[in-house]
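Q: Build the 3D model from these lines:
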Amino acid sequence: MLASLIVPVSHGATIIVCHPDYFDSGECDYDSIQDAINASSSGDTIEVRGYTEDDWYEESIIVTGSHSGIIIKGVKDLAYGTAYPQILPPTAATPVPAVVLDRSCTFKNFHISRDTGEKYLNDGICVTSPSIVKNCDVENQRYGVVSPCASNPDNDDPPVIDLCELHGNQYGYVSGETEQILQYCSVHGNTSCGVKLSVGSCARIFSNAISSNEGHGILIEADDDNNGFAEISNNHIEENDSDGIYIDKSTGSQALMPVIRDNMIGGNGGYGVNCSVQNSGCYPTLRYNNVYSNSSGAYHNTPTGDSTRAVHSYTDGTTCVDAGSLTLEPGESWCGSGGADTGILDLGGHTVLVGPMAPESLSAREESPGLTLSWTAPSLNQDGSPADDIAHYIVVCSTVFGEQIARRLTGAAHWTFTDLPNSGTVVLSVQAVNSLGVGGETATLNVSL
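A: Reported below is the predicted structural model:
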C-alpha cells in the first residue's frame with residue numbers, strides 16, 4: 001500500500017468562459033466556448049459557467065488540431081442559478097453536430113438541447129477521437145451521441161461515453177466500426193431506437209439503462225462484409241416498444257457474432273433478442289441473461305441461410321433456459337424447453353464464477369508525465385481453468401467517495417495516468433477481461449497526490 005505519492009503531472013492554464021449576459025472582464029476570459037478552445041493548448045482546462053435554464057450558449061463547437069488533451073467542463077455559477085451550461089446549436093439545412101470532438105479531450109457537465117418544435121435539426125455530440133464524454137444531458141437531436149469512426153493519430157484508446165442521459169432524440173447513441181464504450185448511461189424515450197451499433201461495430205455497451213424507446217432498445221446493424229463483435233453486458237433493456245435487441249444484416253458473407261451477457265431484457269414489445277440475418281448467419285453468444293415478459297417471446301431467428309447459436313442463456317427458470325446445446329433453425333423460436341445447465345447455472349441464486357481472477361501485485365510509481373500503474377496478469381479464471389486469453393484490462397481511477405474520475409482500457413499490464421487531480425486521494429483498481437467475461441477487481445490501492 002502506498003501511503004503517499006507526489007505525482008509530477010503537468011497541469012496547464014484554466015480558462016474561464018462566461019455567458020455574454022454575465023460577462024465580467026475581471027473574472028472571465030471569453031464569452032464563447034469556441035474562442036476559448038481556439039486559445040487553448042494541450043493540458044489546459046476550460047471552465048464554462050452555467051447559470052439558469054434560460055441561458056444558452058448559442059454556438060457549435062469543435063476540438064481539432066493542437067487542442068488535443070484539453071478538458072472542457074461545465075460548472076454551475078451558484079451566484080446566478082443551478083444549471084450546468086447549456087448549448088443550443090444553430091440550425092442548418094443538413095443536421096450538424098452541436099459538439100465535434102475530433103481530437104482526444106474530456107468534455108463533461110453540459111446540457112445540449114433544442115425546443116421540441118425544432119427536434120432532430122442537429123446532432124448532439126460527434127466523437128471522432130478517443131475522447132471522454134461524461135455527465136452530459138443530450139435531448140431533441142437527430143443523434144444524441146454519434147461516434148462514426150473514432151480513430152486518429154492521438155492514441156489507440158476507445159472513446160468513452162460515461163454517465164450521460166440521452167433522451168428524446170431520434171437515436172440515443174450511434175456507433176461506427178471501431179471499439180467504443182457506452183457505460184452507466186440512461187438511454188430512454190428516443191423515437192427510433194435507443195442504441196444503434198452499425199457497420200460491424202466493436203462497441204462495448206456496459207451497465208446502461210436502455211428503456212422506453214419507441215423502437216428497439218439496441219439495434220445491431222451491418223452490411224457488406226462487416227461482422228459485428230459488440231459486447232453488451234450488465235444492462236437493463238426494458239419496456240422498449242419493439243425488440244429488446246434486434247440484430248439485422250441484409251448483405252455480405254461475414255456472420256454477426258455479438259456477445260450478449262448478464263443483461264435484464266424484459267417487458268419489450270417484440271422479442272427479447274431477435275435475429276434477422278440473410279445469408280451470413282447470426283451467431284450471438286448469449287450468457288446469463290434474464291429474459292422475461294417480452295410480448296413476442298424471448299428469442300427469435302429469421303435468417304434465410306444459417307442458424308443461431310445460443311450459448312448458456314437463461315432467465316429465472318420460468319421462461320427460457322438454454323442448456324448450451326440448443327440451435328435455432330431458420331424461422332424458429334424457442335422458449336421454456338431447454339432446462340438448466342447445472343454445471344454453469346445455479347437457479348438457486350448462487351454466484352456464477354466466470355472471467356479471470358483478479359490481477360495481482362498492483363503498484364503505482366511516479367513517472368513523468370504522470371502516475372504509472374503496473375500489475376501481474378492472472379493465471380487462472382475464477383472457475384479454475386487457465387486464463388490464457390486475456391484480451392485487455394480495465395483500469396479505473398475513482399475518488400474515495402466512489403465517483404469515477406477515469407476509466408481506461410489497455411492491452412498491456414501497465415497504464416500511465418497523465419490527467420489526475422492536483423491533490424487529494426484517488427482509488428485505483430484493475431480488472432482483466434477475456435472470452436469468459438470481466439474478471440474480479442484487484443484489492444483497491446489508495447494513492448495520495
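Q: and the gap between the residue nearest the centre of the chain and P386?
A: Geometric centre of the chain, nearest residue: L182, 0.8 Å, by Cα atoms, centre = their mean. Using Cβ to Cβ, to the nearest Å, one obtains 31 Å as the distance from L182 to P386. For every residue, glycine as well, the C-beta is placed using N, CA and C.
Q: One more: R49?
A: With Cβ to Cβ as the criterion, R49 and P386 are 54 Å apart.
Q: Who has more neighbours out of the two?
A: Neighbours were counted for R49 and for P386 using other Cβ atoms under 10 Å; R49 has more, 23 against 10.
Q: Specify the beta-bridge partners of that one.
A: Under the criterion DSSP bridges, R49 forms beta bridges with V75.
Q: per-residue confidence for it?
A: Looking at R49, its pLDDT reads 95.
Q: Quick check: which ranges of the stretch 201-350 of the chain have low pLDDT?
A: Low-confidence segments of the stretch 201-350 of the chain (pLDDT under 70): 201, 223-228, 249-257, 277-285, 287-288, 302-350.
Q: residues contacting K134?
A: By Cβ atoms under 8 Å, 6 or more residues apart in numbering, the contact list for K134 reads T106, F107, K108, N109, V160, D162, L163, C164.
Q: Ramachandran coordinates for it?
A: When read as degrees, to the nearest 10, the backbone of K134 gives phi -140, psi 140.
Q: measure F206 to I181 for me?
A: Separation of F206 from I181 (Cβ to Cβ): 7 Å.
Q: Sort out which residues of stretch 383-395 are buried, please.
A: Judged by neighbour count using 16 or more other Cβ atoms under 10 Å, the buried positions of stretch 383-395 are A387, I390, H392, Y393, I394, V395.
Q: Looking at these, which is nearest G124?
A: Minimum distance to G124 across the buried residues of stretch 383-395 is 26.1 Å, recorded for I394 (Cβ to Cβ).
Q: For that closest one, give its distance to W415.
A: Applying Cβ to Cβ, the value for I394 to W415 is 10 Å.
Q: Name the residues contacting each of these two.
A: R408.
Q: So what's the residue count around the closest residue in space to G69 that isn't next to it in sequence?
A: Leaving aside its sequence neighbours, G69 sits nearest to S42 (Cβ to Cβ, 6 or more residues apart in numbering; 3.7 Å). Counted with other Cβ under 10 Å, the neighbours of S42 add up to 14.
Q: longest strand in this structure, by residue count?
A: strand 425-434 (DSSP state E).
Q: Each with direction, which strands does that strand pair with?
A: According to DSSP bridges, strand 425-434 forms sheet pairs with strand 392-399 (antiparallel), strand 437-438 (antiparallel), strand 445-448 (antiparallel).
Q: From the buried residues of stretch 383-395, pick the one nearest P258.
A: Using Cβ to Cβ, the buried residues of stretch 383-395 come closest to P258 at H392, 17.3 Å.
Q: rewinding a little: which pair in the contacts of K134 has the greatest spatial separation?
A: The span of the contacts of K134, defined through Cβ to Cβ, is set by N109 and V160 at 15.2 Å.
Q: Which one of the two is surrounded by more residues?
A: Each of N109 and V160 has its neighbours counted (other Cβ under 10 Å); V160 has more, 24 against 19.
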